[in-house]
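1. Sharing a model that was predicted from the sequence below.
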Amino acid sequence: EDQVTQSPEALRLQEGESSSLNCSYTVSGLRGLFWYRQDPGKGPEFLFTLYSAGEEKEKERLKATLTKKESFLHITAPKPEDSATYLCAVGRGRDDKIIFGKGTRLHILP
Amino acid sequence: DGGITQSPKYLFRKEGQNVTLSCEQNLNHDAMYWYRQDPGQGLRLIYYSQIVNDFQKGDIAEGYSVSREKKESFPLTVTSAQKNPTAFYLCASSMRDKAAEAFFGQGTRLTVV
């Protein structure tokens, strides 16, 4: 069964404390892995697309990496404004369906 | 400014009533989508449309209906047949075949009372 599993469910960090969020997946014919940021009561905001193992993308304090089985979202020296839920999703090749994980709630304490 | 607008932000419905959620975009996107988000769950696709006057069922279409009469608009009707309609509903739009890089609206929180 195609699925996306994100861990941890929730993470509390002190400002400046770097960490990583994990997204593991099983999918038949990966057609991209995607990261989003979602603030409370709002829609997700697209962050990154990764297509092949070894690929990396960066945006400010965020860096996404991809292996054949999982992706990591590394957060370096986070600030309180980085607090949000981070969603991971994969695209399935046979029908182009997007399968979402449940998200990781990140809280950065000042 | 280009964007995607959902209305209303909050909606209350009595059991047995149909209700329509509005979604409008001015991004000139061909594709539009409706997702449902429940606490602690991933987004689930309700319906999607790749072109005007055509739409397809997603994973959880039962109890919902849509129309796509204009490129800019993709309203979702939650019917009385939907057994558990209380949820956060998200509309999105994208270029065709770019579902993952969609722009999302701010969502409508529907509560059945």
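-> Received it, and whenever you're ready, just let me know what you need.

2. Chain B against chain A: which residues are in contact?
-> Applying Cβ under 8 Å from any Cβ of the partner chain, we find that chain B lies next to chain A at B:40-45, B:90, B:92, B:97, B:99-107, B:109. For the C-beta atoms, the positions are set from N, CA and C on the backbone; glycine is no exception.

3. Just the buried subset of those, please.
-> Buried members of those, scored by 16 or more other Cβ atoms under 10 Å in any protein chain shown, are B:42-45, B:90, B:92, B:99-100, B:102-107.

4. burial of the residue nearest to A:Lys68 when sequence neighbours are not counted, as a residue count?
-> Distances taken as Cβ to Cβ, 6 or more residues apart in numbering or on different chains place A:Ala53 nearest to A:Lys68, at 4.9 Å, with adjacent residues excluded. A:Ala53 has 13 neighbours, counted by other Cβ atoms under 10 Å in any protein chain shown.

5. go on, the one 3 residues further on?
-> Counted by other Cβ under 10 Å, the residues lying close to A:Glu56 total 12.

6. My understanding was that it contacts A:Ser71; is that so?
-> No: in this structure A:Glu56 lies outside contact range of A:Ser71 using Cβ atoms under 8 Å: 10.2 Å.

7. Need the overlap of contacts for these two.
-> Common neighbours of A:Glu56 and A:Ser71, using Cβ atoms under 8 Å, 6 or more residues apart in numbering or on different chains, are A:Leu50, A:Ala64, A:Thr65.

8. among those, which are in strands?
-> Among the shared contacts of A:Glu56 and A:Ser71, the ones falling in strands (DSSP state E) are A:Leu50, A:Ala64, A:Thr65.
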